[in-house]
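Novice: Sharing a model that was predicted from the sequence below.
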Amino acid sequence: MVWQDMVIRLVVAVFAGACIGTERQWRHRMAGLRTNALVSLGACLFVILSVMIPGESSPTRIAAQVVSGIGFLGGGVIIREGLSIRGLNTAATLWCAAAVGTLVGAGFLKVAIIGALGVVLANVLLRPIALYMNKKSRDYIKEDMNYVISATCLDKDEGHIRVLLMHLVHAEGIGLKELNSEDIENSQKVNVRAFLHCDTKKAALIEKIVSRLSLEYSVTSVGWKSIPEQDND
């Protein structure tokens with residue numbers, strides 16, 4: 001390979017990677033313009049290395065190692081926040097940038113440019129479609145949920161806690177499905193449970209009720225949780 005071809009391939013690799021990274025940089029993602037350009041350039045250099053070494057006629061050997069190695073870089077941008085995961089699309093974009101770089105390094109410049117444009121178009125055009133689908137899917141999610149409030153109190157104050165709990169629930173406009181009490185063995189305490197049914201947006205009101213119950217002197221423990229539709233015990 002003459003040096004002119006090498007320079008052209010490296011320039012095209014940086015350009016293609018920068019095109020991919022521009023969209024990521026615009027959206028303030030962790031892997032932006034420079035990262036994608038460097039990934040594409042690095043992949044291109046590895047493939048050029050395989051082409052330059054005598055006896056290594058096929059660049060796919062190095063390319064295969066690039067495909068597996070880019071996984072470590074992609075894993076570094078994936079972040080878990082509670083039940084949600086961020087960075088998967090950025091990691092996939094880095095993977096595509098590496099693929100573009102290997103194509104350039106192998107000499108398939110036109111295919112690499114088309115691939116880079118495809119990645120950019122996928123990130124730009126498919127984003128509003130994905131957001132629309134997410135919004136529509138949320139419209140079909142059940143808005144109502146069952147909840148249970150459980151309060152443990154002294155048995156002599158059971159009546160007061162039941163009346164107070166009923167008053168708080170009705171005052172907040174929450175549907176009361178069932179209210180029962182159960183003696184706790186080997187103690188002078190009673191567990192009062194209220195089964196509720198309301199809109200998920202009113203979950204904060206349930207926490208408000210629990211906080212009010214916790215102020216009662218006779219209440220030793222109180223809490224709440226959501227329960228499946230068929231689970232009422």
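Specialist: Yep, that arrived.
Novice: Return the set of buried residues in stretch 69-88.
Specialist: Applying a neighbour-count criterion of 16 or more other CB atoms under 10 Å, one finds 70, 73-74, 77, 87 buried in stretch 69-88. C-beta: built from backbone N, CA, C; applies to glycine.
Novice: Tabulate those residues in JSON lines, adding columns for distance to Cys44, secondary structure and pLDDT.
Specialist: Converted to JSON lines, those look like this (distance: CB to CB, whole Å; DSSP: H, G, I helix; E, B strand; the rest coil; pLDDT from 0 to 100):
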{"residue": "Ile70", "distance to Cys44": "13", "secondary structure": "helix", "pLDDT": "77"}
{"residue": "Leu73", "distance to Cys44": "15", "secondary structure": "helix", "pLDDT": "71"}
{"residue": "Gly74", "distance to Cys44": "18", "secondary structure": "helix", "pLDDT": "71"}
{"residue": "Val77", "distance to Cys44": "21", "secondary structure": "coil", "pLDDT": "71"}
{"residue": "Gly87", "distance to Cys44": "24", "secondary structure": "coil", "pLDDT": "78"}
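Novice: With respect to Ile227, which of those residues is nearest?
Specialist: Nearest to Ile227, judged by CB to CB, of the buried residues of stretch 69-88 is Gly87 at 33.3 Å.
Novice: can you tell me how far that closest one sits from Gly101?
Specialist: Gly87 sits 20 Å away from Gly101, going by CB to CB, to the nearest Å.
Novice: and what of Tyr132?
Specialist: Distance from Tyr132 to Gly101, counting by CB to CB: 32 Å.
Novice: who's more crowded, these two?
Specialist: Gly101 (35 against 10; other CB atoms under 10 Å).
Novice: you'd agree the more buried one is up against Ser40?
Specialist: Yes. If you go by CB atoms under 8 Å, Gly101 and Ser40 touch, sitting 3.7 Å apart.
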